[in-house]
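# Please find the sequence and the predicted model below.
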Amino acid sequence: MIRVVNVTHHYGIRPVLRNVNLEVRPGEMLCVMGPNGMGKTTLLNVAAGILWPIRGYTEIGGKLRRGSVEEEIAIREMVFYLPDHPWLPATASGREYLVNIGKIYSIDDDRLLDHIYRLLLLFELAALEDAPIASYSNGQKKKIAVAGALVSEAPVMIMDEPFSGGMDPSALFSLKQVMQHLARREDVTILMATPVPELVEGLAHRIAILRGGEIVACDTPDALRRLAGCRGPLEEVLEKLINPETMEHIEEYIK
Amino acid sequence: MKTLYNIRSWLRKVLPLWVIPIPFLVIFFIELLIRRSPPHSLNRCEWTSTQFITYIILCGVYGFYRILHTHPLFNEHHLKWLESIPWTSRRDLPLQPVRIVFQDILLLGLFELAAHGCSMSSVPLFRELRLPGFVFFLLPYLVVCCFALFLTETPRWGFGLLFGFGVLAFLGNRKDLWLPPVVLLYIVAYLGLRRSLSFFPWDVKKYRRLIYASMSNLKSLPERKDWKECVWPLSQLRPNKPQPVSLQTSILVSLLAGWYFFIPLYHYFRLGDIACSFLLGGIIYLFVVITCLFGRLVLYTGMINTGICVPPMNIWGRIFNLRLIIPGYHRIYLPVILTLVTSIALPLLLRRFGIYRPSIIPISATIVIFLSLWLGPTREKWLMTGHYRMTKPPKAKIVGLLEI
């Protein structure tokens, strides 16, 4: 569904991505993980069409990203990108924002209003549905941004750290349940970046580990455990793969 | 009695009955004031001018009223009602005719006759202009009609009218020749109106800014116009259909601009004021070139909605990686360079070939505008296929956006 082929990118002198190849299959949830500053957001930006890489290309649904006007429109109609820090309209209400997104993605009016109602209940925003977004707390703003992604009903979702941004435990739990539901569906493909392994456990079908701008591993959590030679929690497995020296640092510090 | 009733309803098609006597009364009242003033007095001259201006204004107001009141585009209730009935353009509009009918000619004719009997017929412009009442009735009618044609899917006819207004400006001081082009313009407008009505119902939502669409048993939904309400990055990544400037529109716009530039230059040149003609031409040309080049650059590389398209790699990266030029990004500069070269070379070439001097600047401006509009990639194609990087717009908080 999503193919990132031989992507290399520099913003300046230092390469951020080096010859990255990644494939997200239809109906799959793939999570990109890695230390800060290793190119997760850049990789998602390339897939989302925010950025044209210096080398390589992206295909979504067999169509080349920015290949032609028709292909790009077809891709845009099926992709929703939720960045780490989206900008929201200060004066619009949460409900208006969600309605606008639904209209952009040509969702049927009846279904859209029903979906918005359920989302506002899910994220405990029903009391604020007609209040301007400017009056929301940071966590509430993140909730409405995530709700925007869900209301689009896009078959391809690219989400950059959807669990960050100050959401309360209840919202995190709700979002995780919703993501699990989406992961079970075969008609939704999700490419997601998050630095928190606990949230990915039992959620992602596969995990891609990005280090130094390169994909060092991309497989199911169980396969990654085998690769790391570790049967512990995913957090420990990833630490071994991403930062092998971290465990030594911890042991040295505690000693 | 029945005949009187029939006449009343016949006249009511173009004007409310109580309005019809008002212009006559106003003109006659001023005439009374003129006649009571002593002959050759300053006061009498002022009243005569006032009477003529009033006459022209009344005819113009009638022209505005006729089109604004009868064209469905300018009356939302009328538009909605027409959409709800099985009306087609094969028949006349059911309420009032938007075209000029015999009632209009009768009323204007009576008004013209009344004007001829009044003192204002001594005003030079009144004598110079043939049927001034008709001309000043048709001019506002045609201007509004032109606007309506552009909004109702018949821009070609709108362009036709705009070219025609240029003819009136070209005739300038020869106001005795205004009547035939005005009548010709009305014929163009009439044909355009027929054509635009054949496209009814029109897609005018984008112009009418209907914010809420009413839905049965549901709360109202904002219209799709509020793209910017979804802001970064959705405003930039929205799946919109491109609406490129067509070749036909590019040609018409550039020709129209050239035509309008030619008119003042021709008049100055004809009057022998060559220095003024060249100064004006130079200013116009500079303005056109700067606007076209700068406008194109801003459109392609600057603010696009609320985002900015920048090269995928910064300047240092491009220098150190020996990729100073990124073909997929820098191709947008090619049309700009070509337009710039043309804008410099073309006037020199035309002058060398001995082209009629007042037409050098208009021809050059026409070609520069055409190139800047038509040379690809179009803005829409660039937005969809350009090898750029979208960045967040600066000073977002000023335009009411929140970053989370």
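Right, received. Where do you want to start?
# got a list of contacts for the helix or strand harbouring B:I34?
B:I34 belongs to helix B:21-36 when elements are defined using DSSP states H and E. If you take CB atoms under 8 Å, 6 or more residues apart in numbering or on different chains as the criterion, helix B:21-36 is touched by B:44, B:47-48, B:50-51, B:54-55, B:58, B:62, B:110-111, B:114-115, B:118-119. Every residue, glycine included, has its C-beta placed from N, CA and C.
# and with 10 Å instead?
Contacts to helix B:21-36, defined as CB atoms under 10 Å, 6 or more residues apart in numbering or on different chains, come from residues B:15, B:41, B:43-48, B:50-52, B:54-55, B:57-59, B:61-62, B:107, B:110-111, B:114-115, B:117-120, B:133.
# List the contacts of whichever residue of the stretch 151-255 of chain A sits closest to chain B.
Closest to chain B within the stretch 151-255 of chain A is A:G165: 6.1 Å, counting by CB to the nearest CB. Listed by CB under 10 Å, 6+ apart, the contact partners of A:G165 are A:84-86, A:138-139, A:141-143, A:145-146, A:171, B:404.
# Make a PyMOL selection of the buried ones in those.
Provided next is the PyMOL selection string for whichever of the contacts of A:G165 are buried by 16 or more other CB atoms under 10 Å in any protein chain shown:
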select buried, (chain A and resi 84+86+139+141+142+143+145+146+171) or (chain B and resi 404)
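# circling back: could you give me the buried positions within the helix holding B:I34?
Result for helix B:21-36 [16+ other CB under 10 Å]: buried residues B:23, B:27, B:30-31, B:33-34.
# Tell me where the model's unsure across the chain.
In the absence of a named chain, chain A is used. The model of chain A has no residue with pLDDT under 70.
# think we crossed wires, I meant chain B
B:1, B:42, B:204-231, B:239-244, B:299-308, B:393-404.
# so what's the spatially most central residue of chain B closest to, chain neighbours aside?
Among the residues of chain B, the one closest to the centroid is B:F147, at 5.4 Å (CA atoms, centre = their mean). Closest residue to B:F147 apart from its sequence neighbours, by CB to CB, 6 or more residues apart in numbering or on different chains: B:G158 at 7.6 Å.
# Am I right that that neighbour is in contact with B:S196?
Yes - contact criterion CB atoms under 10 Å: B:G158 and B:S196 qualify, at 9.2 Å.
# more crowded one of the two?
Between B:G158 and B:S196, B:S196 has the larger neighbour count (other CB atoms under 10 Å in any protein chain shown), namely 25 against 22.
# how near is that one to B:W202?
Look at B:S196 and B:W202: by CB to CB, to the nearest Å, they are 8 Å apart.
# what do these two both touch?
Common neighbours of B:S196 and B:W202 (CB under 10 Å, 6+ apart) are B:73, B:148, B:151-154.
# Quick check on those residues: which are buried?
B:73, B:148, B:151-152, B:154.
# how does the chain divide into domains?
Reading this off chain A. Annotated domains of chain A cover A:2-219, A:220-255 [automatic domain parsing].
# meant chain B, my bad for not saying
B:2-204, B:226-399.
# need the strands for chain B, in chain order.
B:212-213, B:221-222, B:303-304, B:307-310, B:389-391, B:401-403 (DSSP state E).
# likewise the stretch 51-200 of chain A?
Under the criterion DSSP state E, counting those that start in this stretch, strands of the stretch 51-200 of chain A are mapped to A:55-60, A:63-64, A:79-82, A:87-89, A:156-160, A:189-193.
# was I right about B:G133 contacting B:T54?
No - B:G133 is beyond contact range of B:T54, at 11.8 Å (criterion: CB under 10 Å).
# More neighbours: these two, which one.
Neighbour comparison, B:G133 and B:T54: the larger count goes to B:G133, with 27 against 16 (by other CB under 10 Å).
# check contacts around that one.
B:G133 neighbours (CB under 10 Å, 6+ apart): B:23, B:55-56, B:58-60, B:62-63, B:107-116, B:126.
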